[in-house]
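K.L.:
need coordinates for the below:
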Amino acid sequence: GWAAPCPALRRRRMRRRKDGRWGAPLQKALLAAGSACAALWDPYRHDMVAVLGETTGCLALPTLRDRMRNDPEGYRILQERPRIRLSTLDMARLRGLPDGALGREYIRFLEDNKVSPDTRMPAKFVDDEELAYVIQRYREVHDLMHTLLGMPTNMLGEVVVKWFEAVQTGLPMCVLGAAFGPVRLNARKLQVLATELLPWAVRSGRNASCVLNVYYEQRWEQSVESLREEIGIFPPPAVRV
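P.N.:
Residues are numbered from 1 along each chain as shown. Predicted coordinates:
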C-alpha cells in the first residue's frame, strides 16, 4: 500500500521550499501574474521586474545560456561568473577614462540618472544555478545597454531598451515591457518611438551579436562607438528622448 514519505524526505522538501530556489509551478504562475501587473504598472519596481523575469524565462534562458556556451567570450563569462556591483567597480579609475570610453560613459550614465548596479535583485526563483547566473548577468548589464544605446532612464528610454532586449533575448518580461510600455507615453513621444526609435532598436537587436557574450569588465577602455560597431548596434538616431 501507499507509504508516507520518510521524515528525512519531508524535511528535505521543506528546506527546498524555504530556501527560495525551489518553486512549485502554481507558485511560479501566481508570482508571474502578480509581478507582471506590478511591473507594467510601475516599470521602476526593480523587485517586481526581477520576479517577472525569473518566473517567465523558462524557455528563453536555456537558449541564452547555449548562445553563451557556444561563444568563446560568453563561455568564459559563464565559467568565471563576474559580477557588476559597486564593490567590483573601480569608480575612480573609470571616471578617469577619456570621454567616449565605455567605462567613462557607463559611470556618467549611473551618475546622471542616479542609478546603481546594486539595485539589481539576486535570482531567487530559477532552479538551475547556471540559468540563475544568466538572468543575473542580464540584469547587471542592463545599464550598459542604456549606455551603448544612448538611452536615458525615462519611460521612452526604457521602452526603447526593452524593444532591443526583447529582440535580443526573447525574454517574456522584455516582450511585455516593449509591448505595454508605450501606453504610458504622450502623443509626441509615441510618434518619436514609432517613426525613429522603434525601427532602429529592432534593427539593432536583430543585427547585433548576443550582448551577453561581451566581457564588459575587460572593455572599459574601449570606445562606445567601436564596441557598438563590433557588436552590430547601429548609431542612435539624432532625436531628443
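K.L.:
hey, let's count contacts and neighbours off CA atoms from now on
P.N.:
Will do.
K.L.:
using the three-state scheme, assign residue 153.
P.N.:
coil (DSSP: H, G, I helix; E, B strand; the rest coil).
K.L.:
which residue packs closest to it, ignoring adjacent ones?
P.N.:
residue 113 (6.7 Å; C-alpha to C-alpha, 6 or more residues apart in numbering).
K.L.:
over to residue 198?
P.N.:
residue 160 (6.4 Å).
K.L.:
picking that back up, quick check: the residue nearest to residue 153 vs residue 93, distance?
P.N.:
As judged by C-alpha to C-alpha, to the nearest Å, residue 113 and residue 93 stand 20 Å apart.
K.L.:
just residue 235 next, same as before
P.N.:
Distance from residue 235 to residue 93, by C-alpha to C-alpha: 27 Å.
K.L.:
of these two, who's got more company?
P.N.:
Shown here are residue 235 and residue 93; by other C-alpha atoms under 10 Å, residue 235 has more neighbours (14 against 11).
K.L.:
what's the separation between the more buried one and residue 197?
P.N.:
Relative to residue 197, residue 235 is positioned 11 Å away (C-alpha to C-alpha).
K.L.:
residue 227 is in what secondary structure piece?
P.N.:
Element membership for residue 227 (DSSP states H and E) is helix 224-231.
K.L.:
can you show me the CA trace of that helix as PDB?
P.N.:
Taking Å, rounded to 0.1, in the frame of the first residue of the first chain, the C-alpha atoms of helix 224-231 are listed here in PDB:
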ATOM      1  CA  VAL A 224      31.400  53.100 -27.000                       C
ATOM      2  CA  GLU A 225      31.400  53.800 -30.800                       C
ATOM      3  CA  SER A 226      33.900  50.900 -31.600                       C
ATOM      4  CA  LEU A 227      32.000  48.500 -29.300                       C
ATOM      5  CA  ARG A 228      28.700  49.300 -30.900                       C
ATOM      6  CA  GLU A 229      30.300  48.600 -34.300                       C
ATOM      7  CA  GLU A 230      31.800  45.400 -33.000                       C
ATOM      8  CA  ILE A 231      28.600  44.100 -31.600                       C
END
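K.L.:
buried residues in it, which are they?
P.N.:
Buried residues in helix 224-231, counted by 16 or more other C-alpha atoms under 10 Å: 224, 227-228, 231.
K.L.:
what stretches of this protein score poorly on pLDDT?
P.N.:
Within the chain, the set of residues satisfying pLDDT under 70 comprises 1-58, 125.
K.L.:
excluding its backbone neighbours, what's nearest residue 77?
P.N.:
With C-alpha to C-alpha, 6+ apart as the criterion, residue 77 has its nearest non-adjacent residue at 6.6 Å, and that residue is residue 215.
K.L.:
who's in contact with the one you found?
P.N.:
By C-alpha atoms under 8 Å, 6 or more residues apart in numbering, residue 215 lies in contact with 73-74, 77.
K.L.:
which residues in the chain form helices?
P.N.:
Along the chain, counting by DSSP state H, helices occupy 7-18, 25-41, 46-56, 60-69, 72-80, 91-95, 102-113, 129-140, 142-149, 155-169, 172-180, 187-192, 198-207, 224-231.
K.L.:
ok, which of those comes nearest residue 119?
P.N.:
helix 46-56 (7.2 Å; C-alpha to C-alpha).
K.L.:
hmm, back to that, now render the helices of the chain as CSV, adding distance to residue 121.
P.N.:
Formatted as CSV, the helices of the chain follow (distance: least, C-alpha to C-alpha, whole Å):
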stretch, distance to residue 121
helix 7-18, 18
helix 25-41, 14
helix 46-56, 6
helix 60-69, 17
helix 72-80, 19
helix 91-95, 21
helix 102-113, 17
helix 129-140, 8
helix 142-149, 12
helix 155-169, 18
helix 172-180, 15
helix 187-192, 30
helix 198-207, 25
helix 224-231, 26
